[in-house]
Structure formats: C-alpha cells, structure tokens
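Novice: just coords:
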C-alpha cells in the first residue's frame with residue numbers, strides 16, 4: 001500500500017510486524033480474527049491524511065508477527081503486554097485506540113489493566129459483555145450463539161488437532 005511503512009518491533013519477547021503512516025497523535029488499530037494490519041488500510045490512509053500517526057500491528061500469532069508454539073502464550077495478559085510494549089516503543093504516550101473483533105477484547109483488557117496508555121477507545125462491531133464468572137468464555141459463546149458460531153467452530157478444529 002502506497003506510503004505505508006512496515007517494520008518489526010521487539011515487544012514482550014516476540015518480534016511484532018507493524019504497519020504505519022503519518023505524523024501526529026497516535027491512533028493504534030487492533031485487528032480481529034483472522035485478520036491482519038491490512039484490515040485497517042483504508043482508515044490508515046484517511047486518518048494519516050488528517051494529521052495522525054496511524055499504527056496497525058499484526059497481533060501475536062498473526063501475519064508477520066511471531067507465533068509462539070505454546071497455546072499458553074496467547075492469554076490476554078500476553079497480548080496486552082505486547083500492545084503495552086508497542087506503545088512504549090512509540091514513545092509511551094497514551095494512544096487513541098480503535099479495535100475490532102478479537103482486537104476489541106484486547107482493547108478492553110488494555111483499558112482495564114493500563115488506562116494510562118489509552119486516551120480514548122473506539123470498539124468496532126463487538127459489544128462489551130462482561131465475563132460470566134460461572135462459565136468459561138467458549139461455553140458462554142456456545143450458549144448465546146450456538147455451536148456454529150465461528151469461535152466455537154475453531155475450538156472444535158483446535159481440539160481435533162490436539
């Protein structure tokens with residue numbers, strides 16, 4: 001994509017691919033599942049033209065960012081740690097955060113764990129649902145949306161491979 005620069009940043013013990021464009025206040029975009037930085041290409045161009053520094057990483061395990069082999073390396077604490085380290089590598093100032101799907105969940109956790117790193121948060125396409133302490137997240141998704149919900153279907157695929 002024209003004018004979008006790509007680089008690799010070392011964060012939280014992994015190499016993270018980052019696409020960025022523009023100068024000014026930082027807008028950090030977090031993609032959904034199974035997407036990449038590329039999902040935000042149109043927003044990057046439009047908002048960079050308005051004077052923002054737009055940053056869109058490939059999250060842990062996606063695209064050109066490292067994918068640790070252990071499933072235990074993908075907790076929200078790990079991914080939020082990656083995002084905090086990315087923000088620190090960009091100068092450490094609080095960012096405008098825009099997130100979608102899986103990235104929205106990470107955005108909520110970032111706001112909960114490190115509100116000092118976020119100026120404002122726009123969550124796209126996913127409503128906030130507090131976790132039910134009596135049920136695991138996938139059990140809750142099955143109860144609400146059924147077995148054919150995409151996250152439930154991928155759980156079955158993962159279990160079959162194990």
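Specialist: Structure's in. What do you need? Here the structure is a predicted model, which is why all the values come from computation and not from measurement.

Novice: which non-adjacent residue is nearest residue 73?
Specialist: residue 60 (7.5 Å; Cβ to Cβ, 6 or more residues apart in numbering). Just so you know, the C-beta spots here come from the backbone N, C-alpha and C atoms, and that holds for glycine as well.

Novice: show me where pLDDT drops low in the chain?
Specialist: For the chain, the stretches with pLDDT under 70 are 1, 156-162.

Novice: contacting residues around residue 76?
Specialist: With contact taken as Cβ atoms under 8 Å, 6 or more residues apart in numbering, residue 76 is in contact with 105, 106, 109.

Novice: SS state for residue 34?
Specialist: Here residue 34 is recorded as coil under DSSP: H, G, I helix; E, B strand; the rest coil.

Novice: swap in residue 15?
Specialist: Residue 15 ends up strand, using three-state DSSP.

Novice: what about it, neighbour count?
Specialist: 11 (other Cβ atoms under 10 Å).

Novice: Let me see the ranges of the strands in the chain.
Specialist: For the chain, strands defined by DSSP state E occupy the ranges 5-11, 14-21, 26-30, 53-57, 95-100, 118-124.

Novice: next one: phi and psi at the nearest residue to residue 17 once chain neighbours are set aside?
Specialist: Leaving aside its sequence neighbours, residue 17 sits nearest to residue 64 (Cβ to Cβ, 6+ apart; 3.6 Å). Note on residue 64: backbone dihedrals following degrees, to the nearest 10 are phi -90, psi 10.
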